[in-house]
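# fold the following and give me the result.
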Amino acid sequence: MTGHIAAIDLGSNAIRMVVAKPDKNGLLKALCRYRIFLNLGQDVFVRQSISPDTEKSLVRIFLYFLSKLSEFSDIQIKAVATSAFRDASNHEDVLNKIRVQTGIPLEIISGQMEAHFLYSAIHALTPDLSNRVCMADLGGGSLEISLIQQSSLIHQQSLNYGTVREISRERIEADLHFELQKLCSCHAWNDSTLLWTGGASKTLLKILGLSPTSFCRTSSSGILIPVFQLEEKSAEISQLSIPERVSLWQLREHQAIHLNQALAIIHVLIRHYGPRDVLLTSLGLKESLLLWMAHEKMPEVSWTLDMSLIKTMNMEHPSDWLTPQTS
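Sure, this is the predicted structure:
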């Protein structure tokens, strides 16, 4: 497999891109990655459509990505849009404008397809998981649940619960629990592992990394933490104000805010499925897309992904693009 591959994830809270170089030994080496914060969910979940200003920003962001991609030869691109974009009433018009003005083949994927990409990546990279796994991919606009038993996918479901959606804790605890009861019996998942992916999982990984605990165990894809320890950490976080969280753990304000919603949703999942521990992983949709592209080209190869030697270029808005900050 020659050339480069790039994955773009247009989410509810940010747009992310990563470029990687596959080698003949099955290693995907990430070369650069970008994250531009654009609260698309704030538009769509309140107004049900993408505003003209946000539409212009999206086109500018994709043109910016295109300029970065032009630095690489023979590049294959996989660009997807998720919950907020697919919920927008004008998503087809905006999608066509991005495609026409940038040439980037952006596509809208379903929640089930999003879960499929992540499940495939987790299955490939984390062979040492327990026999029963509930994978919860919690994004800004949706929650994708995959129930896995002995490496086989038993059930998948996409629900409209996310960290950017304005839903009260009381409604989360009542309505989400009711939704989960409709999916399938939870009794078979007691004493399983809850695998948590998404932006809030990465935020919690950062918090645990800055205040390590002896109860945590490292795994090939993240940190494995007993449920009781996660609940203790959640209680500690809930006692802190947003400014205190930002200062103590060097978080961005939106990360500190969205953590409340995320922990409320995860609490319902823990109460419903009864896992013994939680695997917090930094693996996201863009990394899963890279692995999928590599596997499509060379399915006989067992691919691994190395993200260790690069930092993310974080940009808040267009004026930051010429002077990106790293973290």
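
# contacts only, for the residue most central in space within the chain.
Residue closest to the mean C-alpha point of the chain, counted by Cα atoms, centre = their mean, is Gly198 at 3.2 Å. Contact analysis of Gly198 by Cβ atoms under 8 Å, 6 or more residues apart in numbering lists Ala136, Asp137, Leu138, Gly139, Thr163, Ala262, Gly284. No exception for glycine: its C-beta is placed from N, CA and C like everyone else's.

# go again with 6 Å.
Counting by Cβ atoms under 6 Å, 6 or more residues apart in numbering, Gly198 touches Asp137, Leu138, Gly139.

# which one of those residues is nearest to Cys32?
Gly139 (22.8 Å; Cβ to Cβ).

# count the residues that sit near the closest one.
29 (other Cβ atoms under 10 Å).

# for this protein, which spans come out with low pLDDT?
1-2, 126-130, 183-188, 210-221, 307-327 (pLDDT under 70).

# which stretches in it count as helices?
Under the criterion DSSP state H, the chain contains helices at 40-47, 52-69, 83-87, 91-102, 111-125, 169-171, 177-183, 199-210, 227-238, 242-249, 253-273, 285-297.

# so which of the contacts of Gly198 belong to strands?
Asp137, Leu138 (DSSP state E).

# relative to Thr203, which of the contacts of Gly198 is nearest.
Using Cβ to Cβ, the contacts of Gly198 come closest to Thr203 at Leu138, 11.0 Å.

# and the gap between the closest one and Ile145?
Look at Leu138 and Ile145: by Cβ to Cβ, to the nearest Å, they are 10 Å apart.

# tell me which of the two has more neighbours.
Leu138 (25 against 22).

# bridging residues for the more buried one?
Leu143 (DSSP bridges).

# my guess is Gln101 meets Ile61, correct?
No: using Cβ atoms under 6 Å, Gln101 makes no contact with Ile61, being 11.5 Å away.

# out of these two, which sits in the more crowded spot?
Ile61 (23 against 14).

# what sits against the more buried one?
Ile61 touches Ile15, Ile36, counting by Cβ under 6 Å, 6+ apart.

# quick one, what contacts the nearest residue to Ile8 once chain neighbours are set aside?
Spatial nearest neighbour of Ile8, excluding adjacent residues (Cβ to Cβ, 6 or more residues apart in numbering): Ala79 at 3.8 Å. Listed by Cβ under 6 Å, 6+ apart, the contact partners of Ala79 are Ile8, Ile104, Leu106.

# from these, pick the one nearest Ala20.
Ile8 (12.5 Å).

# ok, back up a step: out of the contacts of Ala79, flag the one nearest to Ala294.
Ile8 (15.9 Å).

# tell me how far the residue nearest to the centre of the chain lies from Asn96.
In terms of Cβ to Cβ, Gly198 sits 29 Å off from Asn96.

# same question for Glu236.
From Glu236 to Asn96 the distance is 47 Å (Cβ to Cβ).

# what do you get for Ala81?
From Ala81 to Asn96 the distance is 12 Å (Cβ to Cβ).

# neighbour count winner among those two?
A direct count of neighbours by other Cβ under 10 Å for Ala81 and Asn96 places Ala81 higher, at 24 against 11.

# noted, bye for now.
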